[in-house]
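Participant: what shape does this take:
(chains A and B)
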Amino acid sequence: MTIIKKIIFNFILPLGILFAFQFFGIILNKYLINFMPGPVIGMLLLLAALSFKIIPFRIIENFSLLLVKHISFFLIPTSVSLIIILPQIESYFIRIMLMLVLSLTSVIIVTSSFASLYSRKTIKGDPDE
Amino acid sequence: MNNLYIFLSIFITIAIYFIFLKIYNIKKNILLHPNIATTIILIIFLYITKIPYESYNMGGKYITSFLGLCIVVLAIPMYKTLELLKENFKLIVVTSLVSIYTSFFSMIIIAKILSVPKVFVYSLIPKSITSAMAIEASRFTNGNESIAILGVMVSGIIGAIIGRFILDLIRVRNPIARGCAFGMSAHVLGTTQALEEGAITGSFSAISIPVTGVLTIINLPIFIKLIEYILK
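Facilitator: Model (predicted):
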């Protein structure tokens, strides 16, 4: 396979498919499903397309897994914008942290206790083992 | 000059990210996670050099423009764990809803007690979902993207650090329950801890991330109404 073919099949084609689903999602968000952001609709459409074998998984597999692996890279500039917001929220900082920690603790306790009870009811045998 | 800022900010971000990726692969410390470490280094760098964020973001915005694509691509981990999701559909969805509403109501109660302004609550609703989705969610609630990211980062770091301690303290040994708790409270960073506990805990944590993300976003209109009603 020539280098150009490799680039097309390994990068441009999967990138095009992902962009197409993002585009469909944005269109649907604009005209039909206003309660959900476009990219999330695109994600669900892609999941459906893969599940019903409309898009063969192998076409986008390698490129998508690479993107998933480095997904946090694309969030860095937004994370760096904290430099603007931190001085503005200084007076609320401790309260926000307290809210986050307490809420997080309650989520961990309630979620794990609920899942433990639920799976004990639905899954036969001892789920603790 | 603008082109130089664009090139430099993209280059520096990539360089620092890959340096910390290498370090993180050797030393699995949450604070050395490439996203967290790169963010901290860049913030310190901009602060010391007095370079305005706007100048950095001339190049940064090109990186951020792939954010939508990052959400679409989350279909892939979901597809790969589809069998696990199908087999445990009710458990994962119901537990995720319990987690989302616990997160929401606990925040509302604490916000009311501590007199935290509404804008923070709007921004921090998606604190337990993956960052890409959290940014979209904060746009939807008219919250602040930066505060949303702060919430996601703090939840991830703290959840990954204290999650295991809390679960041991309340004696939850069920790997499914532990996996759900990690994934539904501390998203990707929680999953790195869950994977250390074993395959079942790791798998349930991983599948919890997109499910909790989608369910949080579906429930946003309800949350907005509730905030308006409770925090008048």
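
Participant: may I see the buried residues of the biggest helix by length in chain A?
Facilitator: Counting residues, the longest helix found in chain A (DSSP state H) is helix A:93-122. By neighbour count on 16 or more other CB atoms under 10 Å in any protein chain shown, the buried set for helix A:93-122 is A:95-96, A:99-116, A:118-120. To be clear about C-beta, it is placed using only N, CA and C from the backbone, and glycine gets the same treatment.

Participant: so where do the helices sit in chain B?
Facilitator: For chain B, helices defined by DSSP H occupy the ranges B:2-26, B:34-49, B:53-64, B:67-72, B:75-80, B:82-87, B:89-114, B:118-124, B:131-140, B:145-169, B:175-197, B:199-230.

Participant: okay, those, which one's buried deepest?
Facilitator: Ranked by mean neighbour count, the helices of chain B are led by helix B:175-197 with a mean of 27 (mean count of other CB atoms under 10 Å in any protein chain shown).

Participant: is any residue of that one near chain A?
Facilitator: Yes - Helix B:175-197 lies within reach of chain A by CB under 8 Å from any CB of the partner chain, at B:175, B:176, B:177, B:178, B:180, B:181, B:184, B:185, B:186, B:188.

Participant: got the CA coordinates for that helix in CSV?
Facilitator: The C-alpha coordinates for helix B:175-197 follow below in CSV (Å, rounded to 0.1, in the frame of the first residue of the first chain):
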residue,chain,number,x,y,z
PRO,B,175,-16.0,-5.0,42.5
ILE,B,176,-19.0,-4.0,40.4
ALA,B,177,-20.1,-1.4,43.1
ARG,B,178,-16.5,-0.2,43.4
GLY,B,179,-16.2,0.2,39.6
CYS,B,180,-19.5,2.1,39.4
ALA,B,181,-18.4,4.4,42.2
PHE,B,182,-15.0,5.2,40.6
GLY,B,183,-16.4,5.8,37.1
MET,B,184,-19.5,7.7,38.2
SER,B,185,-17.7,10.0,40.6
ALA,B,186,-14.2,10.5,39.2
HIS,B,187,-14.6,9.6,35.5
VAL,B,188,-11.2,8.8,33.7
LEU,B,189,-9.0,9.5,36.7
GLY,B,190,-11.1,7.3,38.9
THR,B,191,-11.0,4.5,36.2
THR,B,192,-7.2,4.5,36.4
GLN,B,193,-7.5,3.6,40.1
ALA,B,194,-10.3,1.1,39.4
LEU,B,195,-8.1,-0.7,36.8
GLU,B,196,-5.5,-1.2,39.5
GLU,B,197,-8.1,-3.0,41.6
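
Participant: packing partners for it?
Facilitator: Packing partners of helix B:175-197 (3 or more CB pairs under 8 Å, 6 or more residues apart in numbering or on different chains; DSSP states H and E): helix A:93-122, helix B:89-114, helix B:145-169, helix B:199-230.

Participant: OK, contacts around the residue of chain B found nearest chain A?
Facilitator: Going by CB to the nearest CB, chain A is nearest to residue B:60 of chain B, at 2.9 Å. Applying CB atoms under 8 Å, 6 or more residues apart in numbering or on different chains to residue B:60 gives the contacts A:76, A:77, A:80, B:9, B:10, B:13.
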